[in-house]
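[1] could you work out the structure for the sequence below:
(one chain, ligands or ions: 3)
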Amino acid sequence: MQNNREVPLREQNIVLIGFMGVGKTTIGSHLARKLYRDFVDIDQEIEQEYNMPTTEIFKTYGEQRFREIEKEHILKLCSNTRLKIISVGGGAFLQEEVKQACLASSIVFFLDLNWNSWKDRLKMLIDTRPNLQSKTLEEIEELFHSRQNIYAVNHSKIDTDQLDAEEVADYIIQTLNLGWELYEPTRGLN
Ligand SMILES: Nc1ncnc2c1ncn2[C@@H]1O[C@H](COP(=O)(O)OP(=O)(O)OP(=O)(O)O)[C@@H](O)[C@H]1O
Ligand SMILES: O=C(O)C1=C[C@@H](O)[C@@H](O)[C@H](O)C1
Ligand SMILES: [Mg+2]
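    Residues are numbered from 1 along each chain as shown. Ligands and ions are numbered 1, 2, ... in the order given. Okay, the predicted model is just below:
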């Protein structure tokens, strides 16, 4: 858990990555509450800016435009902010510039989930995730596996299979505390 930005490790933004539906938004909001930090969900920010759901943004402006806006939002946060918990969209790390900016400026947690657990969530996700629509289950599985390589470089990977969202947030906090103490130890009381 080490990166190269000037901002002290304890103040760096925390970025959550992983495939659609692994829990970035849910876990991110628990994490923000527990750490008394602001939570930023990039998909929600873009939806607010366009005043329409992601599915409509994809239909009206296309995925390419969505990716450009997504990149703008993330790069701005990486260069101008600290102490935020940021949930980025499942496809954000497809853009190398986004990936490099997050890795250089923030602590990046990859939320991992195996395919068998993930596919039980598909029904909850399909209406709001355009990149899952008009695909067979086999095609979604292929997308799931092909996306894993964009998440492979991270500062910490969390296996979320056996944990509920709150437990994952607690696990991330434990990991952070270990890393912070290791790289930026607090002084003893005397
Ligand atoms: N650890 C967990 N255990 C069980 N269910 C979970 C867990 N984390 C999230 N969920 C559920 O999975 C669904 C998807 O979660 P969420 O919207 O947080 O995913 P996401 O990673 O933000 O997806 P996207 O990238 O598409 O925005 C929600 O209904 C949420 O309640
Ligand atoms: O993985 C993806 O391609 C996406 C994930 C969502 O978070 C949204 O950013 C959008 O639906 C695209
Ligand atoms: Mg989300």
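[2] so for stretch 45-61, mean pLDDT?
    Averaged over stretch 45-61, pLDDT sits at 98.
[3] for it, buried residues please.
    Glu45, Ile46, Glu47, Tyr50, Thr54, Ile57, Phe58 (16 or more other CB atoms under 10 Å). All C-beta spots, glycine's among them, are computed from the backbone N, C-alpha and C.
[4] please see if it touches ligand 1.
    No: applying CB under 6 Å from any ligand atom, one finds stretch 45-61 out of contact with ligand 1, separated by at least 8.5 Å.
[5] and that stretch with ligand 2, contact?
    Yes: using CB under 6 Å from any ligand atom, stretch 45-61 reaches ligand 2 at Thr54.
[6] mind checking the end-to-end distance for stretch 149-159?
    For stretch 149-159, the first-to-last residue distance is 16 Å (CA to CA, to the nearest Å).
[7] of the buried residues of stretch 45-61, closest to Ile107?
    Each of those was scored against Ile107 by CB to CB, and Glu45 proved nearest at 20.0 Å.
[8] the closest one touches His73, doesn't it?
    Yes: contact criterion CB atoms under 8 Å: Glu45 and His73 qualify, at 5.6 Å.
[9] so where is this structure shaky, pLDDT-wise?
    For the chain, residues meeting the criterion pLDDT under 70 lie at 1-5, 187-190.
[10] so Glu92 versus ligand 3, what's the distance?
    For residue 92 the amino acid is Ala, not Glu. 11 Å (CB to the ion, to the nearest Å).
[11] going forward can the numbers begin at 866, since that is how I track them
    Noted, 866 is the first residue going forward, which turns the last one into Ala957.
[12] who in this structure is up against ligand 1?
    Counting by CB under 6 Å from any ligand atom, the chain comes close to ligand 1 at 883, 885-892, 908, 952, 954-955, 986, 989, 994, 1025, 1028-1030, 1033.
[13] quick one: buried ones out of those?
    Here, 16+ other CB under 10 Å leaves 883, 885-892, 908, 952, 954-955, 994, 1025, 1028, 1030, 1033 buried among those.
[14] list the ones among these that fall in strands.
    Secondary structure from DSSP state E places Ser952 of these in strands.
[15] just the buried ones among the residues of the chain next to ligand 1: which are in helices?
    Those of those mapping onto helices are Lys889, Thr890, Thr891, Ile892, Asp908, Ala1030, Val1033, per DSSP state H.
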